[in-house]
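Enquirer: Provided below for reference: sequence and predicted model.
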Amino acid sequence: MSRFKAVIFDLDGVITDTAHYHYLAWKQLAESQGVHFDHEFNESLKGIDRMGSLDLILASASRQYTPEEKLALADVKNRHYQELISTMSAADLLPGAVAALDTVRAAGLRIGLASVSKNAFTVLGRLGITDKFDYVVDAATIARGKPDPEIFLRAAHELGVAPADCLGVEDAVAGVAAIKAAGMFALGIGHPFVLTEADVVITSLKEFNLAAY
Ligand code: BG6
Ligand code: MG
């Protein structure tokens, strides 16, 4: 049914839409530092890890920040974000997400999660889908964020599958680049004119068709 042996999913924007919560938390933080923050800016942060996102925001600030100040600001943003996601539930699963996971499972493939979010375990728990994954990468153990392939290579390694036998699923440009750099097949979720590096692009997991890739 599939030429792949594993499917490795991103979380934010693929399985659930947390972008709005990140937007609210980053906006408050950015504005507290006098930095303008809008939806377009938020889009450019998709798939970028916490400190990387903060650096991009503070690049527009009127002063320099010490590493300690940056850690404190990242912590403020994260606490706000954690407050916002504390009421998430299975109702926040994107359409087609559970069906896609179940299709992959039924086809006998391994299933991994490669999210750079340090809140991924919490979000999976709130969504009630933790046990659908054979391996979830702990973002705290990843040295280089997407577009570096490290997180996808780690997932493949832990699943015991060669990268060439993996299908990666991503909604962010940086994430698709990471999948391709890992030597995997990239399924993009979004628009083909944005995710230009993806092998195939679909609008949402509602269109997921494992046999077609
Ligand atoms: C990614 C999101 O999945 O995780 C980014 O697309 C986010 O927007 C990143 O910044 C890091 O998340 P966290 O939960 O570790 O701050
Ligand atoms: Mg994403």
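Expert: Received, thanks. Ligands and ions are numbered 1, 2, ... in the order given.
Enquirer: how about the residues of the protein near ligand 1?
Expert: The chain comes close to ligand 1 at residues 12, 22, 45-50, 53, 78, 115-119, as judged by Cβ under 6 Å from any ligand atom. C-beta: built from backbone N, CA, C; applies to glycine.
Enquirer: helices or strands next to the helix or strand of the chain with the lowest mean pLDDT in the packing?
Expert: When the helices and strands of the chain are scored by mean pLDDT, DSSP states H and E, helix 39-44 comes last with a mean of 91. Other elements packing on helix 39-44 under the criterion 3 or more Cβ pairs under 8 Å, 6 or more residues apart in numbering; DSSP states H and E are helix 19-32.
Enquirer: coming back round to it: show residues contacting the least confident helix or strand of the chain.
Expert: Defining contact as Cβ atoms under 8 Å, 6 or more residues apart in numbering, one finds that helix 39-44 is touched by 19, 22-23, 26-27, 30, 56-57.
Enquirer: distance from stretch 141-155 to the middle of the chain?
Expert: 11 Å (Cα atoms, centre = their mean, to the nearest Å).
Enquirer: what does that stretch contact?
Expert: With contacts defined as Cβ under 8 Å, 6+ apart, stretch 141-155 is touched by 6, 8, 47-49, 52, 112-116, 135, 137, 139, 163, 166, 168, 172-175, 177-179, 181-184.
Enquirer: filter those residues to the buried ones?
Expert: 6, 8, 47-49, 112-116, 135, 137, 139, 163, 166, 168, 172-175, 177-179, 181-184 (16 or more other Cβ atoms under 10 Å).
Enquirer: give me the subset of those residues touching ligand 2.
Expert: The residues of these that also fall near ligand 2, by Cβ under 5 Å from the ion, are 47, 172.
Enquirer: so which of the buried ones among the contacts of stretch 141-155 belong to strands?
Expert: Among those, DSSP state E puts 6, 8, 112-113, 135, 166, 168 in strands.
Enquirer: so which of these comes closest to ligand 1?
Expert: L113 (10.6 Å; Cβ to the nearest ligand atom).
Enquirer: ok, that closest one - contacts?
Expert: Contact analysis of L113 by Cβ under 8 Å, 6+ apart lists 8-11, 120, 124, 133, 135-137, 155.
Enquirer: got a quick PyMOL command for the buried subset of the residues you listed?
Expert: A single PyMOL command is used to select the members of the contacts of L113 judged buried by 16+ other Cβ under 10 Å:
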select buried, resi 8+9+10+11+120+124+133+135+136+137+155
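Enquirer: the contacts of L113 into a markdown table, with extra columns for pLDDT?
Expert: Shown next, in a markdown table, are the contacts of L113 (pLDDT from 0 to 100):
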| residue | pLDDT |
| --- | --- |
| I8 | 98 |
| F9 | 98 |
| D10 | 98 |
| L11 | 97 |
| A120 | 98 |
| L124 | 98 |
| F133 | 98 |
| Y135 | 98 |
| V136 | 98 |
| V137 | 98 |
| A155 | 98 |
